[in-house]
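Asker: whatever this is, show me its structure:
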Amino acid sequence: MASGGQMRNVASLLLLLNFCMYVIVVCIAGWATNIAIDRGFIIGPGFDLPAHFSPIYFPMGNAATGFFVTFALIAGSVGLASAIAGINHLRAWHIDSLPSAASAAAIAWTLTLLAMGYLQTFAGL
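Answerer: Take a look at the predicted model:
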C-alpha cells in the first residue's frame, strides 16, 4: 500500500496537470470567442438581421462550433474552480475537505464531456 505522503505527491502532480489543461482550454476558448465577437455581424441603421442570426457568429468551423466553444469556456472555468477546490483539499488533506473537491471535479468532468461532444453523441441529439 502506498503511504499518505506518496498519494499526496501523486495527487498534487495530477492536480497541476489538470490545472494546466484547463488553463489551455480557457485560453483557446476565450480566444475563439474574442475572434467571434470581433468578426461578428455589423448591425446598424442600414442593415437587416441575417436569416439565421446568432449573437456570437463564429467565422470558423461549422454551425456547431459556437456551441462547442461556449461549452468549452464554461467547462474550463468550472474546471479551474475545481482545481482550486483540489488545492484546498491538498492543503488540508482531511476527510472533511474531500467531498467539495470531489463534487466540483465530477461537475467539471461532466461539463468537459459535454464540451467534447460525448454527451450529445450518447444522448442521440
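
Asker: would you mark the buried spots in stretch 9-20?
Answerer: L15, N18, F19 (16 or more other CB atoms under 10 Å). Backbone N, C-alpha and C define where each C-beta goes, glycine included.

Asker: for whichever strand or helix holds the second one, name the packing helices and strands.
Answerer: With the criterion set as DSSP states H and E, the secondary-structure element containing N18 is helix 4-38. Helix 4-38 sits against helix 65-92, with contacts defined as 3 or more CB pairs under 8 Å, 6 or more residues apart in numbering; DSSP states H and E.

Asker: what angle do the helix it packs on and helix 4-38 make?
Answerer: With axes from the mean of the first three to the mean of the last three CA atoms, to 10 degrees applied, the angle from helix 65-92 to helix 4-38 works out at 150 degrees.

Asker: mind checking how far helix 65-92 is from the chain centre?
Answerer: 5 Å (CA atoms, centre = their mean, to the nearest Å).

Asker: also stretch 105-124?
Answerer: On CA atoms, centre = their mean, the centre of stretch 105-124 falls 10 Å from the chain's centre.
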